[in-house]
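[1] next input, structure requested:
(one chain, ligands or ions: 1)
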Amino acid sequence: MLVQAATGNTSIKLDGVLWIKASGKWLSDAAQDDILIPVNLAETRTRIAQNIDPAGQTVAVRGKSLGTSVETAMHAVLPHRVVLHVHSVNTIAWAVREDGPHELALRLKGINWKWIPYVPSGLKLAAAVQAALASAPKAEVLVLANHGLVVGGPDCKSAEALLREVESRVAISPRRSPEPDWALLSRFAHSGVWRVPPSIAIHAMGTDAATRRMVSGGILYPCQAIFLTTQARTFDRTLTSVDLAGVDEPFVLVDGEGTLVRQRPNPTQSATLSGLALVLQRIPEAAPLRYLTDQQVRELLCADVYHYREVVEDNGAGHLTLRQNSTLSADLLT
Ligand SMILES: [Zn+2]
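    Residues are numbered from 1 along each chain as shown. The predicted structure follows:
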């Protein structure tokens, strides 16, 4: 509910050193793995001031070269000693709505928070965060439109407590959805290519008309385009294996019946799809949605993602295997 795959990143500033999550590492591995790497905070801030993105700086940790998170610039410009950035399902469900600022103002009363309109991760996001803090220097919570949540604090305990507080205030009960047609879907599960997921939330993208409309309407947040597809495909219940033969997407929707997913999705795709399904379940049918524009989606899928690929493949061993036909990095936003 807080992060999916390698998304989200945490940091702490200690004695002039910014410890930031390494690109491609999973926060869920934090207790077992070296996921945080040290960079000089003053140097990092100087680079940002010179318009040089500090993401991807490599640091050797126990003989392995790890690169800093793509969101390093945002962590560096934030004044808080501890910064928790998560792709919270509940927050994203508000952050993709046109009325998100208004609705969240009602729920986050008494908390120093700011809404940051969508900008891509990296220097642009860092600049937007800096501008927001200039007008609200006491802000401790940032809601990143079409992206996620940032919480800052003087120490780990207070930052985590604030994160829990925000989470409880923005929590949304998931919408119920019809049961999928297990029998119809299972006809395709013997092909060796597709399978029927057990998650009702994932099937809701096919069974629930409102959910299907939302997921087919565009890109709500970057991970959806980067790790899954820019256009969810829907088939009607008369589909056959022949219809599915040329399909490259990690999942397909069957109108009114449910969802088929690839037999062997990589862990990043699985986690991203589950997260998307959970977000969609928490958006009311009539909510005004704010999708990314075509231009914003194009920017996400630009050539820069290739630079991250090698780092991700090296760092993500055990979790990440890139999608066979993917031209995208599995770590652009982490
Ligand atoms: Zn993020």
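[2] what residues are bridge-paired with the closest residue to W113 other than its chain neighbours?
    Spatial nearest neighbour of W113, chain neighbours left out: V141 (3.8 Å); criterion: Cβ to Cβ, 6 or more residues apart in numbering. Glycine gets a C-beta too; all of them are placed from N, C-alpha and C. With DSSP bridges as the criterion, V141 is bridged to W113, V151.
[3] in the stretch 101-250 of the chain, what residue is nearest the ion?
    Proximity of the stretch 101-250 of the chain to the ion (Cβ to the ion) peaks at G148, 4.9 Å away.
[4] phi and psi next, for that residue.
    Per-residue torsions, G148: phi 170, psi -150 (degrees, to the nearest 10).
[5] where does it land on pLDDT?
    Listed pLDDT for G148 reads 98.
[6] next one: L322
    If you check L322, the pLDDT there is 35.
[7] what of the one 10 residues further on?
    We have a pLDDT of 40 for L332.
[8] burial count for Q4?
    Q4 has 27 neighbouring residues, counting by other Cβ atoms under 10 Å.
[9] relative to the ion, how far out is it?
    11 Å (Cβ to the ion, to the nearest Å).
[10] could you report the neighbour count for the residue nearest to W113?
    If we define neighbours as other Cβ under 10 Å, then V141 has 21 of them.
[11] start the count at 35 instead of 1 going forward.
    That works, and once the first residue is 35, the last one we named lands at V175.
[12] which ones are touching it?
    Going by Cβ atoms under 8 Å, 6 or more residues apart in numbering, V175 touches 142, 145-148, 183-186, 196, 200.
[13] surely L196 is in a helix?
    Yes. Checked against DSSP: H, G, I helix; E, B strand; the rest coil, L196 lies within a helix.
[14] is it in contact with P188, as I believe?
    No. With contact defined as Cβ atoms under 8 Å, L196 does not reach P188; the gap is 10.5 Å.
[15] for those two, indicate the residue with more neighbours.
    Set L196 next to P188 and count neighbours by other Cβ under 10 Å: L196 wins out with 20 against 11.
[16] give me the number of residues near G309?
    The local packing of G309 (other Cβ under 10 Å) involves 26 other residues.
[17] ignore the last one, A321
    18.
[18] name the element it belongs to?
    Under DSSP states H and E, no helix or strand contains A321.
[19] spatially nearest residue to it (excluding sequence neighbours)?
    The spatially closest residue to A321, leaving aside those adjacent along the chain, is R131, at 5.2 Å (Cβ to Cβ, 6+ apart).
[20] try R296
    P284 (5.1 Å).
[21] how close does that neighbour sit to R229?
    11 Å (Cβ to Cβ, to the nearest Å).
[22] same drill for these two, tell me which one is more crowded.
    Higher neighbour count among P284 and R229: P284, with 21 against 18, using other Cβ under 10 Å.
[23] for the more buried one, phi and psi?
    phi -70, psi -10.
[24] show me what contacts it?
    Shown in contact with P284 (Cβ under 8 Å, 6+ apart): 262-263, 295-296, 299, 303, 307, 357.
[25] helix, strand or coil for M239?
    Following three-state DSSP, the label given to M239 is helix.
[26] burial of it, as a residue count?
    Look at M239: counted by other Cβ under 10 Å, it has 26 neighbours.
[27] so it sits against A266, correct?
    Yes. With contact defined as Cβ under 8 Å, M239 reaches A266; the gap is 7.1 Å.
[28] one step back: and the pLDDT at the residue nearest to R296?
    Predicted confidence (pLDDT) for P284: 92.
[29] roughly how far does it sit from I236?
    11 Å.
[30] L36 now?
    For L36 relative to I236 (Cβ to Cβ), the value is 19 Å.
[31] which helix or which strand is home to the residue lying closest to L183 once chain neighbours are set aside?
    Nearest residue to L183, sequence neighbours excluded (Cβ to Cβ, 6+ apart): T125, at 4.1 Å. Assigned by DSSP H and E, T125 belongs to helix 123-129.
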